[in-house]
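K.L.:
I need the structure of the sequence given here:
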Amino acid sequence: MTSPTRPPRTGLPFFVYGTLRPGEANHRRFLRGRTLREEPALLTGAVLYDGPGYPYAVEEPGGMVTGELVTALPEAYTRLLAELDRLEEYTPGDPRNLYERVARRVTVGDGSADAWVYVAAPAVAARLRGRGKPVEGGDWLARR
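P.N.:
This next block holds a predicted model:
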């Protein structure tokens, strides 16, 4: 499991790996016109699992997930963060969460950056580890 390098803070970019990636429906719905940058990135320490029309990143040593590092326009950030939390059904501290929003270090270009990542909540992660279907190669877009 990868840990944050410093306490989570506001203003972090987002690491997206599923329906929020460029070309996918939720990218058009939530991100189009609201980003400064979108760069290919990798999240280590996680395995991607197939879900009901969308994937889950499950924190597991040795795994790797392909996605994009998305930097929001400053004026769009606060609203976008709230909208993505709703999309991912994430409420801080709620045991019914499907995802948890966590700060993790991702690899981008020749370096790395801290980013918000929506990972499977503990109960969902346990269920997926037990009987879920991993996405081969960790790339949601390549599964087709």
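K.L.:
sheet partners, orientation included, of whichever strand or helix holds V117?
P.N.:
When secondary structure is defined using DSSP states H and E, the element that contains V117 is strand 111-120. On the basis of DSSP bridges, the sheet neighbours of strand 111-120 come out as strand 14-16 (parallel), strand 99-108 (antiparallel).
K.L.:
tell me the angle the helix or strand just after that strand makes with strand 111-120.
P.N.:
Stepping forward along the backbone from strand 111-120, the first helix or strand reached (DSSP H and E) is helix 122-131. Using axes from the mean of the first three to the mean of the last three CA atoms, to 10 degrees, one finds that helix 122-131 and strand 111-120 are set 90 degrees apart in direction.
K.L.:
who touches the strand holding V117?
P.N.:
Contacts of strand 111-120 from elsewhere in the structure, counted by CB atoms under 8 Å, 6 or more residues apart in numbering, are 4-6, 8, 12-15, 41, 43, 46, 49, 56-59, 69, 81, 84, 88, 90, 98-106, 125, 128. For the C-beta atoms, the positions are set from N, CA and C on the backbone; glycine is no exception.
K.L.:
with that, I have no additional questions.
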